[in-house]
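Trainee: Sequence and predicted model, in that order:
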Amino acid sequence: TDRHITVSLEHRASRMSSSEQDATVADLQVVDEKEAEEAIASELAATSIAEHEKKVDEMDEKRQQVALAALASFRSRVRCQIGRPEAVEFATDDTLLRYLRARDGNEEKALSMFLSTLAWRAKNINPVAAASSGDEAPYGTCEQCKTDPRSHCFFNVGNDALGRPVVYSCAARAANKVVEDNMIHMALELERLFEGNKAPGKYVWVIDFKGMGMRDANPRMATTAIPMFTDHYPERMGQIVLINPPAIFHIFWKACKPILDNVTKEKIVMLRGAKDIAQYAAEHWQKNAAMAAWLDETMTNCKGAPGSFPDARLSDSLSDERTRQMLEKCRQLK
């Protein structure tokens, strides 16, 4: 079964050298590529990107109207349950609407979800933020990345045509493979982008599969990340863009499908090959030439390995100062 395959892959990956892991993925890709591509495409690419986006907009609008109708009552219920200053500050109307939308206006479910997030933040986010160095990193900094900027690969590279932050990630470019470390890094980047997760807005997550090896094929990474995003950062995901997923992604997809809601599934688009990527870039990244050039160079010409990013000419043109600093530190370690 897919579950047994998933467990087997994780176990095998822990016992193999890097070269053996990469060779195994190459073998899997040759054997299963056609079958896997057809299976994934039948679910993710049955309609055009434009049709997916239109459907998502329609779903979001309906859920927003339901959430707005319940907001006043929900706000009162939340205020009766919280008292800590950080919790009160977090409970903005935009935040409450996100939790209501995520639960289709059901106040009981939204309240349970919101209180669960407060407990999760108290354990995982608030201590990091409290230890941060003031204005330099007011929402906290990943401890592993302080020591080695190549530790993780999940960072903002600019904004798309709709003004949404575009977050680039590549598992092969992350030196740290510890699931929990990666989760906290991703959470802290979202905290930074959305000002402690209080500011309105959504982001686009670009997932680049370049260089993916068995050491990156830990299904628990996906099955841990998705609940964190959906439970504690609800309604933040504007779109998930999969860049050239290999055959082994079919196993990840099987593991993820049961925990993805229908709205999130509609937000997933798969791009295979230069033509698909170029068309998407022309439609979504045309207002940010620097970001488009950086992504094209990274996904096309840079090796899928930790710290492998474009040179200063392209990296220094990105709009996000924190990202530029991180990329500069990676260049210094080459």
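Mentor: Now that the structure is in, tell me what you want to look at.

Trainee: so which strand or helix has Gly211?
Mentor: In the assignment (DSSP states H and E), Gly211 maps to no helix and no strand.

Trainee: Number of residues surrounding it?
Mentor: 18 (other Cβ atoms under 10 Å). For the C-beta atoms, the positions are set from N, CA and C on the backbone; glycine is no exception.

Trainee: likewise Gln332?
Mentor: For Gln332, using other Cβ under 10 Å, the count is 9.

Trainee: Can you name the residues that contact the residue most central in space within the chain?
Mentor: Centrality entry for the chain: nearest residue to the mean C-alpha point is Trp205, 4.8 Å, by Cα atoms, centre = their mean. By Cβ atoms under 8 Å, 6 or more residues apart in numbering, Trp205 lies in contact with Val167, Ser169, Met237, Gln239, Ile240, Val241.

Trainee: Please point out which parts of the longest helix that the chain contains sit buried.
Mentor: What stands out as the longest helix in the chain, according to DSSP state H, is helix 49-81. For helix 49-81, a neighbour-count test (16 or more other Cβ atoms under 10 Å) marks 49, 52-53, 56, 60, 63-64, 67, 70, 74-75, 77-78 as buried.

Trainee: Likewise for stretch 200-219?
Mentor: 202-219.

Trainee: any weak-confidence spans in the stretch 51-200 of the chain?
Mentor: The stretch 51-200 of the chain contains residues with pLDDT under 70 at 132-138.

Trainee: can you give me the strands in the stretch 151-300 of the chain?
Mentor: Assigned by DSSP state E, counting those that start in this stretch, the stretch 151-300 of the chain shows strands spanning 154-159, 165-169, 203-208, 237-243, 268-271.

Trainee: Tell me which of these sits nearest to Asp261.
Mentor: strand 237-243 (10.6 Å; Cβ to Cβ).

Trainee: Name the residues that touch the closest one?
Mentor: Under Cβ under 8 Å, 6+ apart, the answer for strand 237-243 is 44, 53, 162, 164, 202-210, 229, 249, 264, 267-271, 277, 280, 299.

Trainee: Read off the pLDDT value for the residue lying closest to Leu271 once chain neighbours are set aside.
Mentor: In space, and not counting its chain neighbours, Leu271 is closest to Ile277: 5.0 Å by Cβ to Cβ, 6 or more residues apart in numbering. Note on Ile277: pLDDT of 96.

Trainee: Hmm, Ile277 is touching Trp285, no?
Mentor: No - Ile277 lies out of contact with Trp285 (Cβ atoms under 8 Å); the separation is 10.0 Å.

Trainee: more neighbours, those two?
Mentor: Remark: of Ile277 and Trp285, Trp285 carries more neighbours, 25 against 19, as counted by other Cβ under 10 Å.

Trainee: check contacts around the more buried one.
Mentor: By Cβ under 8 Å, 6+ apart, the neighbours of Trp285 are Asp160, Ala161, Val166, Met291, Ala292, Leu295.

Trainee: thought the last one was touching Tyr168?
Mentor: Translated: Leu295. Yes - Leu295 lies in contact with Tyr168 (Cβ under 8 Å); the separation is 6.7 Å.

Trainee: Would you mind grabbing the residues shared as contacts by the two?
Mentor: Joint contacts of Leu295 and Tyr168 (Cβ under 8 Å, 6+ apart) are Val157, Val206.

Trainee: OK, contacts around Cys304?
Mentor: For the record, residue 304 is Gly, not Cys. Per Cβ under 8 Å, 6+ apart, neighbours of Gly304: Cys170, Ala172, Arg173, Asp208, Lys210, Gly211, Met212.
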